[in-house]
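**Student:** Below: sequence and its predicted model.
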Amino acid sequence: MSDQGISRRHFLCGALLTGAIPAGGFGSVPSLKFLGYQSPNEKLNIAGIGAGGQAFGVLRQCETENIVALADVDWQRGQPGFQRWEKAAKFKDFRQMLDKEGKNIDAVVIGIPDHNHTFAALWCMQRGKGVYVEKPLTRIASEARLLAQAAAKYKVATQMGNQGYSHEATRVACEIIWSGEIGEVREVHAYRGMTSWPQGMTKTPPPTPVPDTLDWNLWLGTAADRPFTAGDQEYQDWVVARSARNRGARGSLAPGAPGAAAVEAQAGRGGGGGGMGEQDFGYYLPFGFTSWARHTGPYSWIPSI
């Protein structure tokens, strides 16, 4: 059947659709596709580790497939995914999700804080699941090597989310350099805009109660244990002042000046790129963890493939 461009499943289902097969046969018109038919059995069953934030955005790009299970340690943060895919099985611990729903899962989208990327990806690959892992793939180089070895050992499909480097502008820049049109490139100056998340804190606020919707121990994952804090008033005031400084930086550059567009994009969003504002910058989560050089402490586990 594959030589005729149609699968056995399509053939069997197509034979049951009265009048669906054209007189000229399958080679004349792809009738089932023309009718908009796609068997659920030919779709991937996707699970999400993370149901809100970045994970939600990635999962929306997978909606042509079946979103069958979601795990998020914070059920308030995960609400966008839980509501959009209300039929998906819901968990706080992704390990329980894989134990209970593993037979129904083909691949997993991982869009959680960076310090748990390696742990979650390896757990999935060991169970034969393909993974899409948001950037940064790992915290340190040895973790990246570990995942590369695991992908080869378990023979699963893997991909790292890398939107920036997949952008057409990056490809055009490479083509310009490779073509030699601008001569030999000896030096490159790279510019980075302001960070979307607060940086430069000098002390950790005192502990605050853990929200009822959050499993703090699961959020820590492989990181060293520490008390939860959402930040005190001093921290919140500092975040607001930082955002105001960023907005002020926007006004310090004349329109059209070098860097003005980048500053406008970052400073004009209430201190956070992608529409983020002060309310999103609790001390550790949902975005605060990035303030710590994408590290949250030593391992509490020993990885093995």
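**Tutor:** Structure's in. What do you need?

**Student:** Output the below-cut-off pLDDT ranges for this protein.
**Tutor:** 1-41, 192-194, 248-279, 292-305 (pLDDT under 70).

**Student:** in it, which spans are strands?
**Tutor:** 45-49, 66-71, 89-91, 107-110, 130-133, 158-160 (DSSP state E).

**Student:** I'd like those as CSV, with distance to Val185 and mean neighbour count appended.
**Tutor:** In short, each C-beta sits where N, CA and C put it, glycine included. Output for the strands of the chain, formatted as CSV (distance: least, Cβ to Cβ, whole Å; neighbours: other Cβ atoms under 10 Å):
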stretch, distance to Val185, mean neighbour count
strand 45-49, 40, 26
strand 66-71, 44, 24
strand 89-91, 49, 18
strand 107-110, 35, 26
strand 130-133, 31, 22
strand 158-160, 26, 17
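
**Student:** Take stretch 164-175, keep the C-alpha atoms, and write them as CSV.
**Tutor:** C-alpha atoms of stretch 164-175 as CSV (Å, rounded to 0.1, in the frame of the first residue of the first chain):
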residue,chain,number,x,y,z
GLY,A,164,16.1,32.2,18.1
TYR,A,165,18.6,30.1,16.3
SER,A,166,15.8,28.8,14.0
HIS,A,167,14.8,32.3,13.0
GLU,A,168,15.2,33.3,9.3
ALA,A,169,17.4,36.3,10.3
THR,A,170,20.0,33.9,11.8
ARG,A,171,20.0,31.8,8.6
VAL,A,172,20.4,34.9,6.4
ALA,A,173,23.3,36.1,8.6
CYS,A,174,25.0,32.8,8.2
GLU,A,175,24.5,32.8,4.4
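
**Student:** How far away from the center of its chain is that stretch?
**Tutor:** 20 Å (Cα atoms, centre = their mean, to the nearest Å).

**Student:** ditto for stretch 57-67
**Tutor:** Worked out by Cα atoms, centre = their mean, stretch 57-67 lies 12 Å from the chain centre.

**Student:** tell me, what residue is most central in the protein?
**Tutor:** Gly111 (3.4 Å; Cα atoms, centre = their mean).

**Student:** Could I get the contacting residues of Lys90?
**Tutor:** For Lys90, the contacting residues are Ala51, Ala69, Leu70, Ala71, Gly78, Phe82, by Cβ atoms under 8 Å, 6 or more residues apart in numbering.

**Student:** and the gap between Tyr191 and Ile112?
**Tutor:** 29 Å (Cβ to Cβ, to the nearest Å).

**Student:** Also Glu86?
**Tutor:** 21 Å.

**Student:** Tell me how many other residues surround Pro206.
**Tutor:** 9 (other Cβ atoms under 10 Å).

**Student:** how about it, phi and psi?
**Tutor:** Here is the backbone geometry of Pro206 (degrees, to the nearest 10): phi -70, psi 160.

**Student:** ok, it touching Gln233?
**Tutor:** No. Using Cβ atoms under 8 Å, Pro206 is not in contact with Gln233, being 11.0 Å away.

**Student:** just to revisit the earlier point, which of the contacts of Lys90 lies closest to Glu134?
**Tutor:** Ala51 (13.4 Å; Cβ to Cβ).

**Student:** ok, that closest one to Val240 distance?
**Tutor:** 29 Å.

**Student:** out of these two, which sits in the more crowded spot?
**Tutor:** A direct count of neighbours by other Cβ under 10 Å for Ala51 and Val240 places Ala51 higher, at 31 against 15.

**Student:** Roughly how far does the closest residue to that one other than its chain neighbours sit from Arg242?
**Tutor:** Spatial nearest neighbour of Ala51, excluding adjacent residues (Cβ to Cβ, 6 or more residues apart in numbering): Gly81 at 3.0 Å. Gly81 sits 30 Å away from Arg242, going by Cβ to Cβ.

**Student:** Those two: which is more packed in?
**Tutor:** Gly81 (26 against 20).
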